[in-house]
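Participant: got a predicted structure here, sequence first:
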Amino acid sequence: QVQLVESGGGLVEPGGSLRLSCAASGFTLDDYAVGWFRQAPGKGREAILCISSIDGSTYYADSVKGRFTISKDNAKNTLYLQMNSLKPEDTAVYYCAAHLTPPHLMGKPCYGMDTWGKGTLVTVSS
């Protein structure tokens with residue numbers, strides 16, 4: 001069974017750090033395009049960081065450049081999101097996603113995500 005499960009969300013003060021994890025099962029993360037998305041209260045879901053093992057492309061949203069990084073532990077089949085210098089506007093439900101079904105759009109690693117986790121809430125507040 002194909003599944004993504006996020007963890008690591010919580011309450012953090014402005015300026016703090018948090019690391020989210022996304023454990024994959026039923027497929028190998030490193031074979032596909034994967035990424036992190038978020039949805040703030042009252043707003044639509046946005047892509048923030050994506051990477052593709054198919055063509056090596058990456059995407060970083062301007063709002064998180066220099067503060068957030070994405071990484072994978074292939075041995076654990078787990079995707080991570082390291083978030084530093086957190087701001088109140090980073091408050092959102094964070095989702096990991098994967099694009100398993102072809103075709104894959106080259107150079108667009110965030111497009112076509114078809115497998116989603118249920119999300120984890122991150123609240124940045126003093």
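Facilitator: Cool, the structure landed.
Participant: make it CA atoms for all contacts and neighbour counts henceforth
Facilitator: Noted.
Participant: so what does Gly107 look like in phi/psi?
Facilitator: phi 80, psi 0 (degrees, to the nearest 10).
Participant: contacting residues for it?
Facilitator: Gly107 sits next to Asp55, Ser57, Thr58 when contact means CA atoms under 8 Å, 6 or more residues apart in numbering.
Participant: what sits against the spatially most central residue of the chain?
Facilitator: Centroid check for the chain by CA atoms, centre = their mean gives Trp36 as the closest residue, at 1.6 Å. By CA under 8 Å, 6+ apart, the contact set of Trp36 is Ala47, Ile48, Leu49, Cys50, Leu81, Tyr94, Tyr95, Cys96, Ala97.
Participant: quick check, pLDDT for the third one.
Facilitator: Going back to what we said before, that points to Leu49. On pLDDT, Leu49 comes in at 97.
Participant: which secondary structure element contains it?
Facilitator: strand 45-52 (DSSP states H and E).
Participant: the last one now?
Facilitator: Per DSSP H and E: Ala97 is located in strand 92-99.
Participant: outside of that strand, which residues touch it?
Facilitator: With CA under 8 Å, 6+ apart as the test, strand 92-99 has contacts from 4-6, 22, 29, 32-41, 111-123.
Participant: now it against strand 45-52, angle please.
Facilitator: Orientation check (axes from the mean of the first three to the mean of the last three CA atoms, to 10 degrees): strand 92-99 against strand 45-52 gives 40 degrees.
Participant: so what strands line up beside strand 92-99?
Facilitator: Using DSSP bridges, the strands paired with strand 92-99 are strand 33-39 (antiparallel), strand 115-116 (antiparallel), strand 120-124 (antiparallel).
Participant: all strands for this protein, in order.
Facilitator: 3-7, 10-12, 18-25, 33-39, 45-52, 58-60, 68-73, 78-83, 92-99, 115-116, 120-124 (DSSP state E).
Participant: quick check: angle from the fourth one to strand 18-25?
Facilitator: Meaning strand 33-39. 130 degrees.
Participant: so how far is Ser125 from the nearest residue to the residue nearest to the centre of the chain once chain neighbours are set aside?
Facilitator: Nearest residue to Trp36 in three dimensions, chain neighbours excluded: Cys96, at 4.5 Å (CA to CA, 6 or more residues apart in numbering). Using CA to CA, to the nearest Å, Cys96 is found at 23 Å from Ser125.
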